[in-house]
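Asks: From the sequence below, what's the structure:
(2 chains)
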Amino acid sequence: MSLMEFNLDRDVTTAAIVSKTNYEITSPTAASNRSIDAFVMEATSTGFLVNSKGTVTTTPLSSAFRHISNYFFSSSAANSIPVAHNNVSTTSLARVMTIGRATGDDAILSGSITATFSFGLVANKIIVDRPELSISGSVGRRGDLVEKGDITNVVGSVFYDTGTLVFHGGSYAQGTNFLLPSGSGFQFGTGATAGTIACQNLSFVALNLIKRSMFFTRAFNKEYNYTNNPTAISNAAQGSISSNLTGNPTTFITTVGLYNGDNELLAVAKTAPPVKKDFSTEKIFSIRLQY
Amino acid sequence: MAFLDSTTAVIDAILTRKGRELLAKNDGSFQITKFAFGDDEINYQLYDATRATNQDADILNLPVLEPISNQNVALLYRLVTLPQGTLKISTLKITPTTGSVDFGDDLILTVVTENGTDSQGYAATSRDPNIATLQNTTSTPDANGVGNFTLQTGPNAGGVAGQTIIDITGVNTGARRQVTLTVSASGAIT
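Replies: Numbers count the residues shown, from 1 in each chain, chains lettered A, B, ... in the order given. Prediction:
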């Protein structure tokens, strides 16, 4: 036998390690480097999505709206979503930030978001997140985006598991209206000019989940003392083992392969130097795989 | 107070391309259930059993390569468990031993294990799927212990003529053999 099955209860352990990383984004370049996009989405617009660097993409604004409204708000919310600060009226325009994730398991730490915006010539409007106490929807944990100085002024929603911030409301009277027409834009920058909305600063904590598995592979004394290595074969046609290896069959382990049920090689580890194995020795290798 | 067990070595593994592919699917298909040992870098001609001591000195000083992510070549030669006193190791007999087909034609390879059995079957890979692809990458032996693989070429592969190698491995024995396949340019769309 050359392929050995693991006893999954005995030989394999898996642990999830969560690391936290603080980010502070203050420029379009920093946003781009961290794969953060900010854009206006509009249900009825024929225009195209403009990303955080001000570049026009090929994604229609209406497609972005339908996708986000359907996924995060309601499967029937094709052309409108609730206005954040009153939850009665609806809007067909909203502003969105998407924070890129390295893996599907990554997320944003709830309660860690602080964003500073400029609305026209009014700067330094600080928005923070207030997470829900329990997970109520199908899209994971969500929270409200509120004005720091007045938490009753709800300006949007944050979906932590996907790293999505949707700004779909805000008090006009308090100068935090994210529902201004799309011409006002939505970009990262130090300050806005008249009639535009800019994010001066965005800070958050990203959660990065790493899975680490340990596989204990054992070679007992009577196992793995022969090899298919052609240099150990004296007659390839007949499979005769070289005479220098028949008296005391000996092998040298350099590689450990990890396979799935279909015998496909999924991971590989190397030993250095080679590890000698014969009928008088046993070896255990703990294979660490991080993904 | 206890001493650490020095017979346990902790080593890091890397994912192969296949591993990354299945992990990216995120559908539960990435599940490791088996392992094998290999000794690809070892040249057993350097093992001198006639020496009184240090028979393995030359081998233990051999450099070991870093792990590579191509699952087709990352572990070629598996170690195998056989009774002490065994003089012959299992081998694969493949028919034909080399192949030459016209562009677009199929070729069937049959494989049987000698000096052993591969009851769990055989696995095969094509090193250049543009020249030849395998209709089946695994084969369960029939009542006579014979497995077969169908190679497709031309438009049924990547549409490229040339030469490639097909690697076939016995699941139980770890025995492996390769077949060189030449696909002629005749009929190829240029």
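Asks: what number of residues lie near whatever residue of chain B ends up closest to chain A?
Replies: Closest approach between chain B and chain A, counting by C-beta to the nearest C-beta: residue B:174, at 2.9 Å. From N, CA and C alone the C-beta is placed, and that goes for glycine too. Per other C-beta atoms under 10 Å in any protein chain shown, the neighbour tally for residue B:174 reads 28.
Asks: Check which element follows whichever strand or helix holds residue A:218 along the chain.
Replies: Assignment of secondary structure by DSSP states H and E places residue A:218 within strand A:197-219. Secondary structure here is assigned by DSSP H and E; on that basis, the next helix or strand after strand A:197-219 toward the C-terminus is strand A:226-227.
Asks: residues of the strand holding residue A:218 that come out buried?
Replies: With burial defined by 16 or more other C-beta atoms under 10 Å in any protein chain shown, the residues of strand A:197-219 counted as buried are A:197-202, A:204, A:206-207, A:213, A:215-217, A:219.
Asks: Would you mind trimming these to those in range of chain B?
Replies: A:213, A:215, A:217, A:219 (C-beta under 8 Å from any C-beta of the partner chain).
Asks: Adding pLDDT and distance to residue B:180, write the residues you listed out as a markdown table.
Replies: Converted to a markdown table, those look like this (pLDDT from 0 to 100; distance: C-beta to C-beta, whole Å):
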| residue | pLDDT | distance to residue B:180 |
| --- | --- | --- |
| A:213 | 94 | 38 |
| A:215 | 96 | 35 |
| A:217 | 95 | 33 |
| A:219 | 94 | 34 |
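Asks: quick check, nearest of the residues you listed to residue B:13?
Replies: Out of those, the one with the shortest distance to residue B:13 is residue A:215. That distance is 7.8 Å, counting by C-beta to C-beta.
Asks: pLDDT on stretch A:130-145, on average?
Replies: Confidence for stretch A:130-145, expressed as mean pLDDT, is 84.
Asks: Residues touching that stretch, excluding its own?
Replies: Contact with stretch A:130-145 is made by A:71-72, A:84, A:107, A:110-111, A:113, A:115, A:127-129, A:146, A:151, A:154-162, A:165, A:167, as judged by C-beta atoms under 8 Å, 6 or more residues apart in numbering or on different chains.
Asks: If we use 7 Å, what do you get?
Replies: With contact meaning C-beta atoms under 7 Å, 6 or more residues apart in numbering or on different chains, stretch A:130-145 is reached by A:71-72, A:110-111, A:127, A:129, A:146, A:151, A:154-162, A:165, A:167.
Asks: among the residues you listed, which are in helices?
Replies: Using DSSP state H, no member of the contacts of stretch A:130-145 falls within helices.
Asks: Buried subset of those residues as a ChimeraX selection?
Replies: Buried members of these, defined by 16+ other C-beta under 10 Å, are picked up in ChimeraX with:
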select /A:72,110,127,129,146,154,155,156,157,158,159,160,161,162,165,167
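Asks: Report the buried residues of the helix or strand where residue A:234 lies.
Replies: Secondary structure here is read from DSSP H and E; on that basis residue A:234 sits in strand A:233-235. Within strand A:233-235, the residues that qualify as buried are residue A:233, counting by 16+ other C-beta under 10 Å.
Asks: Now that strand: average pLDDT?
Replies: Throughout strand A:233-235, pLDDT has a mean value of 91.
Asks: That strand packs against which elements?
Replies: Packed against strand A:233-235, as judged by 3 or more C-beta pairs under 7 Å, 6 or more residues apart in numbering or on different chains; DSSP states H and E, are the following elements: strand A:240-241.
Asks: could you pull out the helices for chain B?
Replies: Along chain B, the segments classed as helices by DSSP H run B:17-25, B:57-60.
Asks: buried residues in stretch B:112-130?
Replies: By neighbour count, and taking 16+ other C-beta under 10 Å as the criterion, the buried residues in stretch B:112-130 are B:112-116, B:118, B:120-128.
Asks: do the same with stretch A:120-130
Replies: Result for stretch A:120-130 [16+ other C-beta under 10 Å]: buried residues A:120, A:125, A:127-129.
Asks: Over to stretch A:59-75?
Replies: By neighbour count on 16+ other C-beta under 10 Å, the buried set for stretch A:59-75 is A:60-62, A:64-66, A:68-69, A:72-73.
Asks: quick revisit: could I get the strand holding residue A:218 in CSV with only the CA atoms?
Replies: What follows is the C-alpha trace of strand A:197-219 in CSV, where atoms were taken according to Å, rounded to 0.1, in the frame of the first residue of the first chain:
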residue,chain,number,x,y,z
ILE,A,197,-19.5,64.3,-1.4
ALA,A,198,-16.0,63.1,-0.4
CYS,A,199,-14.7,60.7,2.2
GLN,A,200,-11.8,62.4,3.9
ASN,A,201,-10.9,59.4,6.1
LEU,A,202,-12.1,55.9,6.6
SER,A,203,-10.8,53.7,9.4
PHE,A,204,-11.8,50.1,10.3
VAL,A,205,-10.5,46.9,11.6
ALA,A,206,-10.3,44.0,9.1
LEU,A,207,-10.7,40.4,10.4
ASN,A,208,-8.6,37.9,8.6
LEU,A,209,-9.4,34.2,9.2
ILE,A,210,-6.6,31.7,8.7
LYS,A,211,-7.3,28.0,9.0
ARG,A,212,-4.4,25.8,10.1
SER,A,213,-4.5,22.1,9.9
MET,A,214,-2.1,19.6,11.4
PHE,A,215,-1.9,16.2,9.8
PHE,A,216,0.0,13.5,11.7
THR,A,217,1.5,11.0,9.3
ARG,A,218,3.1,7.9,10.7
ALA,A,219,5.4,5.4,9.2
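Asks: Next, the contact list for the closest residue to residue A:27 other than its chain neighbours, please.
Replies: In space, and not counting its chain neighbours, residue A:27 is closest to residue A:188: 6.1 Å by C-beta to C-beta, 6 or more residues apart in numbering or on different chains. Residue A:188 makes contacts with A:25, A:27-28, A:31, A:38, A:52, A:198-199, as judged by C-beta under 7 Å, 6+ apart.
Asks: do residue B:150 as well
Replies: Residues B:106, B:108, B:135-136 are the ones in contact with residue B:150 under the rule C-beta under 7 Å, 6+ apart.
Asks: What's opposite it in the beta bridge?
Replies: The bridge-partner assignment for residue B:150, based on DSSP bridges, gives residue B:108.
Asks: Count the residues that sit near residue A:83.
Replies: When neighbours are defined as other C-beta under 10 Å, residue A:83 has 18 of them.
Asks: Equivalent analysis for residue A:118, please.
Replies: Neighbours of residue A:118 under the rule other C-beta under 10 Å: 20.
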